[in-house]
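A.B. asks: Sequence and predicted structure, then a few things I'm wondering about:
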Number of protein chains: 2
Amino acid sequence: MSDRLAIFAEGLFTRHTGKTAHGVVRYGTRDVVAVVDSTEAGRTAVEVEPFCLKPVPIVASVREAIDRGATTLLIGVAPTGGKLDPTWRPALLEAIEAGLSLEAGLHTQLSDDPELAAAASRHGVTLRDLRAAPPDLTVPKGLDSRPEGVRVVHSVGSDTVIGKKVVTLELDRAARERGLRSVYVPTGQTGVAIAGWGIAVDHVISDYVAGAAERLVLEGAERGDVLFVEGQGALFHPAYSGVTLGLLHGSAPDLLVLVHRPSSTAIRNYPDLPIPPLSELIAAYESITAPVRPARVVAIALNTGDLEEAEARATVAAAEDETGLVTDDVVRFGAERVLDAVLRALPLSAGRPRVGA
Amino acid sequence: MSDRLAIFAEGLFTRHTGKTAHGVVRYGTRDVVAVVDSTEAGRTAVEVEPFCLKPVPIVASVREAIDRGATTLLIGVAPTGGKLDPTWRPALLEAIEAGLSLEAGLHTQLSDDPELAAAASRHGVTLRDLRAAPPDLTVPKGLDSRPEGVRVVHSVGSDTVIGKKVVTLELDRAARERGLRSVYVPTGQTGVAIAGWGIAVDHVISDYVAGAAERLVLEGAERGDVLFVEGQGALFHPAYSGVTLGLLHGSAPDLLVLVHRPSSTAIRNYPDLPIPPLSELIAAYESITAPVRPARVVAIALNTGDLEEAEARATVAAAEDETGLVTDDVVRFGAERVLDAVLRALPLSAGRPRVGA
């Protein structure tokens, strides 16, 4: 019997904190039978959040999700700081008692919770922590460990929660549709839930972030030739910049795509910290890579989801004028132009990325 | 009975990997009765490594350290990657069996090792992991959580293992000698072993590095007004830059002191990565802080330990010419000039740092 997911997002499905749920509904490879959020029950995922694309029913309780055949409950919300919310506990226990496996991408490891661990053991179900780091991580081995011919494209951003993962998934999909052996490389808990492999680098001890990034590239290289490595955080984010830079230096990309949401003017949750202009962000990312492994920003992916179409197109054009780089909203207008810019700029001298078997 | 330390550094006391041992001998507040390194047995710490200052005897075995009254064995070596070396195991078990507590700053937690944990439990001794992170860390609260009047000076560097910790300790000592309520803020395992408090930020999960740095500043603010926060790694170090940047943004310093060893021309263990010139390093550190909390580099601390004195003085003068900043070797020539530059530049408008009680 294959895994059938219910996604727990109580009270949070419509919000940024529901981004794991949205990503898994839209991009996940497993069957999603229900979203649990009593505040939106009776509607479908795509009605509440058009980004989801799919009409997955939203139900009021874990019980109803079980009735629809769920075999695993995924905690599909990621609160700031990533802790287990105590109000979720009754629903999680109900799921375990009904025989569902539990899956979460929190910093709080499910298996470290005595009550959940005891219940899971009693009912013979699995607790799967998407953020659990491999036990044998260490510092990077260096570029010589990378197979020749592999190309790494890294999506960096101006802020958190602006769509770096989605841009990365869309570029990978477009590249695969062109017959390239392209791979989406997941670096966060949602990506791991979507793709079924990867490492949530923000849960790795900080000394090993770059080592984890390198390992992801090496594992990606076993799956294909053109790797689209999802970015995390932002270089000027006061809480998460360390994750961003460790991932950037550790994945040692050939080139960068800069993701930005034009309507965001300050760092999320830090209203006193303005987001620098695109040209300054590009210069900052390029100069922080330069002494380690130089990588140019070759295109800009804007998230214009909260703008009217005419304004979105004007904003894309303005960003192209400011930076001289190909710019587009890859979700709204398609990934082709940004992908063209990426493929034009990839260093092909040591062998073109192979076209798929 | 107060703690009496033996420092285990088998085969590694003379090397960079012995830096924990050197730091604890020179700066530690606990009594050190012996260093264990059979390859240097019969000499003293200061004879082998003048930096240590103290004539702590070096002995050939844990047994001899016990005979000298040791109550705790500190693993005083930090191999790259921070793992427990299997060749140490017999000596560690011998110490436990003789009733010594064990202390280490490895990424491998002593208490996670089944054999050591079982032995410790059997013999009623403590396993203390200096790198263990507080369980309740999270993301930073922001600058508003910092008491008014506290000043933060952060030592950043051009590379690892060049003396950032020592510079920080010497500046703190000089400031205390002037009557300032100054505090050394330890951010690594050696600093924790020396000062008896602190957090090894490189062992914190990467999402919480900045939060750990903020907590260290808040804890430091309970101990004094002028905080000298030890730096970790380097901004252009391919393995550790994430730790560096998380600590930098999270500690949100008022100003920076740049530490550099002039004889190092490439990143340690990465011969293909040249260390950028001082002026570029200064610009990089200042521009990476600017959008979060601007901090200027106000002085340079050079580690000239491997140069003749005339060459050391010429190198200091050349760095001053290149950068226009006060430069000195604070270990060799004293911390006064660099400290003067720091105190001149501290933003005093919101109240001078108070002079001690």
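C.D. replies: Perfect, I can see it now.

A.B. asks: For chain B, what's its nearest residue on the stretch 251-357 of chain A.
C.D. replies: Closest approach of the stretch 251-357 of chain A to chain B (C-beta to the nearest C-beta) occurs at residue A:291, with a separation of 4.2 Å. C-betas here are computed from N, CA, C, even on glycine.

A.B. asks: tell me, what residue is most central in chain A?
C.D. replies: Closest to where the C-alpha atoms of chain A average out (C-alpha atoms, centre = their mean) is residue A:165, at 3.6 Å.

A.B. asks: And that residue, how close does it get to residue A:88?
C.D. replies: Taking C-beta to C-beta, to the nearest Å as the criterion, residue A:165 is separated from residue A:88 by 23 Å.

A.B. asks: just residue A:218 next, same as before
C.D. replies: Summarising the geometry, the distance separating residue A:218 from residue A:88, computed by C-beta to C-beta, is 36 Å.

A.B. asks: got it, and residue A:194?
C.D. replies: Residue A:194 sits 21 Å away from residue A:88 when distances are taken as C-beta to C-beta.

A.B. asks: what about these two, which has more around it?
C.D. replies: The neighbour comparison of residue A:194 against residue A:88 (other C-beta atoms under 10 Å in any protein chain shown) goes to residue A:194, with 25 against 16.

A.B. asks: so the more buried one makes contact with residue A:186?
C.D. replies: Yes: contact criterion C-beta atoms under 8 Å: residue A:194 and residue A:186 qualify, at 6.6 Å.

A.B. asks: Show me where the stretch 201-350 of chain A has its helices.
C.D. replies: A:209-221, A:241-251, A:278-289, A:309-323, A:336-345 (DSSP state H, counting those that start in this stretch).

A.B. asks: can you list those helices in TSV and add mean neighbour count and mean pLDDT?
C.D. replies: Formatted as TSV, those follow (neighbours: other C-beta atoms under 10 Å in any protein chain shown; pLDDT from 0 to 100):
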stretch	mean neighbour count	mean pLDDT
helix A:209-221	25	98
helix A:241-251	30	98
helix A:278-289	19	98
helix A:309-323	15	98
helix A:336-345	19	97
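
A.B. asks: So for residue A:347, what's the pLDDT?
C.D. replies: In this prediction, residue A:347 carries a pLDDT score of 71.

A.B. asks: That one: neighbouring residues, count only.
C.D. replies: For residue A:347, the tally of surrounding residues (other C-beta under 10 Å) stands at 9.

A.B. asks: pretty sure it is touching residue A:149, no?
C.D. replies: No: the criterion here is C-beta under 8 Å, and residue A:347 misses it with residue A:149 at 10.7 Å.

A.B. asks: Can you pull out the low-pLDDT segments for the stretch 51-200 of chain A?
C.D. replies: With pLDDT under 70 as the threshold, the stretch 51-200 of chain A has low-confidence stretches at A:80-81.

A.B. asks: any residues touching stretch A:259-270, and which ones?
C.D. replies: The set of residues that contact stretch A:259-270 without belonging to it, under C-beta atoms under 8 Å, 6 or more residues apart in numbering or on different chains, is A:16, A:80, A:155-164, A:167, A:231, A:234, A:236-238, A:272-275, A:278, A:281, A:300-307, A:315, A:319, B:142.

A.B. asks: and these, which are buried?
C.D. replies: When neighbours are counted using 16 or more other C-beta atoms under 10 Å in any protein chain shown, the contacts of stretch A:259-270 contain these buried positions: A:155-164, A:167, A:231, A:234, A:236-238, A:273, A:275, A:278, A:281, A:300-305, A:307, A:315, A:319.

A.B. asks: wait, what's in contact with residue A:55?
C.D. replies: A:44, A:45, A:46, A:47.

A.B. asks: so which of those residues would you say is closest to chain B?
C.D. replies: Nearest to chain B among those, with distances taken as C-beta to the nearest C-beta, is residue A:45, at 27.5 Å.

A.B. asks: Residue A:135: how many residues sit nearby?
C.D. replies: Taking other C-beta under 10 Å as the definition, residue A:135 ends up with a neighbour count of 6.

A.B. asks: Format the helices of the stretch 201-350 of chain A as a markdown table; extra columns: distance to chain B.
C.D. replies: Listed next are these as a markdown table, based on distance: least, C-beta to the nearest C-beta, whole Å:
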| stretch | distance to chain B |
| --- | --- |
| helix A:209-221 | 4 |
| helix A:241-251 | 2 |
| helix A:278-289 | 7 |
| helix A:309-323 | 18 |
| helix A:336-345 | 22 |
